[in-house]
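Novice: Okay, predicted coordinates and the sequence, questions at the end:
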Amino acid sequence: MDTHKHVIIGTAGHVDHGKTTLIRTLTGIETDRLKEEQARGMTIDLGFAFLELPGNPPLFAGIVDVPGHEKFVKNMLAGAGGVDIALLVIAADDGVMPQTREHLDILTILGITQGVVALTKSDSVDADWLELVKETVQETLQATPLCNAPIISVSSVTGVGIPELKQALAQIARSLPERDARSAFRLPIDRVFSLAGVGTVVTGTLVCGTLRLGDTVEIQPQGLTSKARTLQTHNQRVDEAMPGMRVAVNLPGVEVGALERGAVLAPPGVLKPTTLTDVHVMVLPSAHRPLHHRERVRVHLGAGEVLARLLLLEGSEVPPSSAAVPAQLLWEEAVAPARGERFVLRTYSPLRTIGGGTVLEPVAARKYRRGDATALALFDARGTGETTQAVYAVLAAHHHDFTVAEVANATGLEANLVQVALDSLADEGKVIAFGNGLYMADSTAVRLRETAQKNLAQFHQKSPLKKAMRRENLRAPLSKAATFRDLPALLYWLEREEVLCFEGEVGVRLPEHEVVIPPGWKKPAEEILAVYQSAKFQPPSPDNFQANYPRDVNVRTILTILAENDQLVHISDDIFLSAEAFREIKEVIRQLGASPDGITVATVRDATESSRKVILPLLEYLDSHKFTRRQGDIRVLVTEEIRSQ
């Protein structure tokens, strides 16, 4: 395993200020690889070199030589994303030029805070002029992250200042924190080519993670899969590449024409293609104008450039300022961004760097409306990094339940931190914990509470003589209020919240609901119930009662009410048993289940001195309620375990 530290140095500066010549002097490597570049004497595309910096232990730097000409800023941006240290090159005979300032803006947007200024061609000017240029450079850097960067006068002709420049780069490189080698690897592709006998090769800067020989890689947004057949860094084959290395990867089975600059290598499943991303954006204080809602912009993400529409979440424009605002990027083609990745925004026409931003959620949940309060809270939480606030914002932005893993994926936080946040939010009552690993925001739970209450109230109003509604009949209306995966868990929570009561094995009702017998029917009801209790297993026909009462006393309705109140059991159309007789007959059947004769219509009839007319529908009723199960001419008892399924 390579234990040496690796960093990436990226050049920046105006055209013809001597960047490529300086790199050749530092490394002995010619980074102008295209014939056109060599003929014109300026860098058009990215060039790469490597340098061993002084000190112990050794420290290796990859150098990305980027174009300085305004026409090739697109190529410059392709190489700037993985840079640790900026090498800002300013010619002493020209001083600060327009492209110097634009490159400084780009470095600022990309969060590159460490750098060295090399005043090239210092041998071509006198001491007074050189001192004046240094003062101008210091003034230019004052409002940038490179305000404290050392300024070193160098000459690629005489070699003056070259050792000091190397030493300054080494000092900064050693002070940089190590990149994260434990996370999933990510390599934005800035070159794609084919070698005879080898096949497709891609290059890029490994921005995080460790890429090992033989690793399965996924190329996004194309969705292609391959393996890292060979790895090379600094012209040497290696078994693994560490963060900060310039890496070439041979990808078997992938056609060179299927890839282009801007694609990304990562482990399978880590990055996902998308056409909508949640971001924070800012417009440079030096920008000539604001950015507008729905404006078409050029987004430089990773090593690629993609066109997108800027969708603001508040207001109609983003004025020049250093403050970031919530927005979404509606991409014109699929991209595969990473959470926390920085990007640069350029105007569509004319081409000018105007701002940039950070990816908050690579794959946006949905397109938000401007002024959406929940969405704004979510963006604010992601921006501040406050764990509990971010977790709540994610749940509150969606009307469905979440697992810990889903919240972790949506926020980019570790699962253990998400769990702590969810527990804290549950204690505050802002999150509902269903006890089955599912969580829901209180705002979503309120929607479900109100929906359950409304639908049960409507049911009771429509069917006042029914004690309860079937639990399953609540699924459809509740599903319109929110998406949930476990109806029983949801109903048990609603019961704990005293929104509803369970009734029997399948029913639910409002806690205050009762089936009430009208005052004028109370005496007939008592008389009818007494007859059924006395008759036990030989119940009368309902039609036998009506002749005893006036026409306005509805015997059938009384029987229904008595059954709803669990005083009678409605076996079939014309057969009711008292609750006591029903319990007794079930006990008789249990005993018959253990006897040699078993449970048949005849054995139950004889044991209860009832009739086939009553016992046959009774056994069918018990079959339907999974108390018994028919096997040919006999029945067997269903175990409690099976009955509960």
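Specialist: Thanks, I have it. Since this is a predicted model, take the numbers as computed values, not measurements. Numbers count the residues shown, from 1 in each chain.

Novice: can you pull the pLDDT of residue 232?
Specialist: If you check residue 232, the pLDDT there is 89.

Novice: Please work out how many residues are found near it.
Specialist: The number of residues packed near residue 232 is 17, by other C-beta atoms under 10 Å. Glycine gets a C-beta too; all of them are placed from N, C-alpha and C.

Novice: Identify the residues contacting it.
Specialist: Counting by C-beta atoms under 8 Å, 6 or more residues apart in numbering, residue 232 touches 238, 247, 248, 249.

Novice: count of residues packed around the third one?
Specialist: Read it as residue 248. 20.

Novice: Would you quantify the distance from the closest residue to it other than its chain neighbours to residue 7?
Specialist: With sequence-adjacent residues excluded and distances taken as C-beta to C-beta, 6 or more residues apart in numbering, residue 248 is closest to residue 232, at 4.3 Å. To residue 7, residue 232 is 18 Å away according to C-beta to C-beta, to the nearest Å.

Novice: what bridges to the residue nearest to residue 248?
Specialist: For residue 232, the beta-bridge partners are residue 237, residue 248 (DSSP bridges).

Novice: try residue 635
Specialist: Legend: beta-bridge partners of residue 635 under DSSP bridges are residue 599, residue 630.

Novice: hang on, isn't it packed against residue 627?
Specialist: No. Using C-beta atoms under 8 Å, residue 635 is not in contact with residue 627, being 9.3 Å away.

Novice: More neighbours: those two, which one.
Specialist: residue 635 (24 against 16).

Novice: Please name the residues that touch that one.
Specialist: Contacts of residue 635 by C-beta under 8 Å, 6+ apart are 598, 599, 600, 619, 622, 623, 628, 629.

Novice: Name only those of those residues that count as buried.
Specialist: Among the contacts of residue 635, those classed as buried by 16 or more other C-beta atoms under 10 Å are 599, 600, 619, 622, 628.

Novice: Which members of these are the farthest-apart pair?
Specialist: Among these, the pair separated by the greatest distance (C-beta to C-beta) is 600 and 622, at 13.1 Å.

Novice: give me the number of residues near the closest residue to residue 397 other than its chain neighbours?
Specialist: Using C-beta to C-beta, 6+ apart and skipping residues adjacent in sequence, the residue nearest residue 397 is residue 378, 4.6 Å away. Neighbours of residue 378 under the rule other C-beta under 10 Å: 29.

Novice: Average pLDDT for the helix or strand harbouring residue 378, rounded please.
Specialist: In this assignment (DSSP states H and E), residue 378 forms part of helix 373-384. What helix 373-384 shows for mean pLDDT is 72.

Novice: element containing residue 138?
Specialist: Secondary structure assignment for residue 138, by DSSP H and E: helix 127-141.

Novice: packing partners for that helix?
Specialist: On a contact count with 3 or more C-beta pairs under 8 Å, 6 or more residues apart in numbering; DSSP states H and E, helix 127-141 meets helix 98-109, strand 114-120, strand 151-153.

Novice: If we use 7 Å, what do you get?
Specialist: Packing contacts for helix 127-141, counted by 3 or more C-beta pairs under 7 Å, 6 or more residues apart in numbering; DSSP states H and E, involve strand 114-120, strand 151-153.

Novice: Check which residues of it are buried.
Specialist: Counting neighbours by 16+ other C-beta under 10 Å, the buried set in helix 127-141 is 130, 133, 134, 137, 140, 141.

Novice: And stretch 302-315, by the same measure?
Specialist: For stretch 302-315, by 16+ other C-beta under 10 Å, it's 302, 303, 304, 305, 306, 308, 310, 311, 312, 313.

Novice: Check what pLDDT the fourth one gets.
Specialist: Read that as residue 305. On pLDDT, residue 305 comes in at 89.

Novice: now the last one
Specialist: Here, the pLDDT recorded for residue 313 equals 93.

Novice: How about the first one?
Specialist: According to the predicted model, the pLDDT of residue 302 comes to 86.

Novice: Find the nearest non-adjacent residue to it, please.
Specialist: residue 188 (3.5 Å).

Novice: looking just at contacts, which helices and strands does the host helix or strand of the one you found meet?
Specialist: Using DSSP H and E, residue 188 falls within strand 187-195. Using 3+ C-beta pairs under 7 Å, 6+ apart, the elements in contact with strand 187-195 are strand 199-205, strand 264-266.

Novice: May I see the buried residues of it?
Specialist: Quick answer for strand 187-195 (16+ other C-beta under 10 Å): 187, 188, 189, 190, 191, 192.

Novice: what's near enough to touch the third one?
Specialist: The contact partners of residue 189, by C-beta atoms under 7 Å, 6 or more residues apart in numbering, come to 202, 204, 259, 261, 262, 263, 264, 265, 303.

Novice: could you redo the last one with a cut-off of 10 Å?
Specialist: Each residue near residue 189 by C-beta atoms under 10 Å, 6 or more residues apart in numbering is listed here: 78, 202-205, 219, 249, 251, 259-265, 302-304.

Novice: what's the answer for residue 504, then?
Specialist: 467, 468, 470, 471, 566, 625.

Novice: possible to save the residues you listed as CSV with neighbour count?
Specialist: Listed next are the contacts of residue 504 as CSV, based on neighbours: other C-beta atoms under 10 Å:
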residue, neighbour count
467, 21
468, 22
470, 14
471, 18
566, 12
625, 13
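
Novice: want to throw those residues into CSV with distance to residue 555 and pLDDT?
Specialist: Formatted as CSV, the contacts of residue 504 follow (distance: C-beta to C-beta, whole Å; pLDDT from 0 to 100):
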residue, distance to residue 555, pLDDT
467, 19, 85
468, 23, 89
470, 26, 93
471, 30, 94
566, 19, 86
625, 26, 88
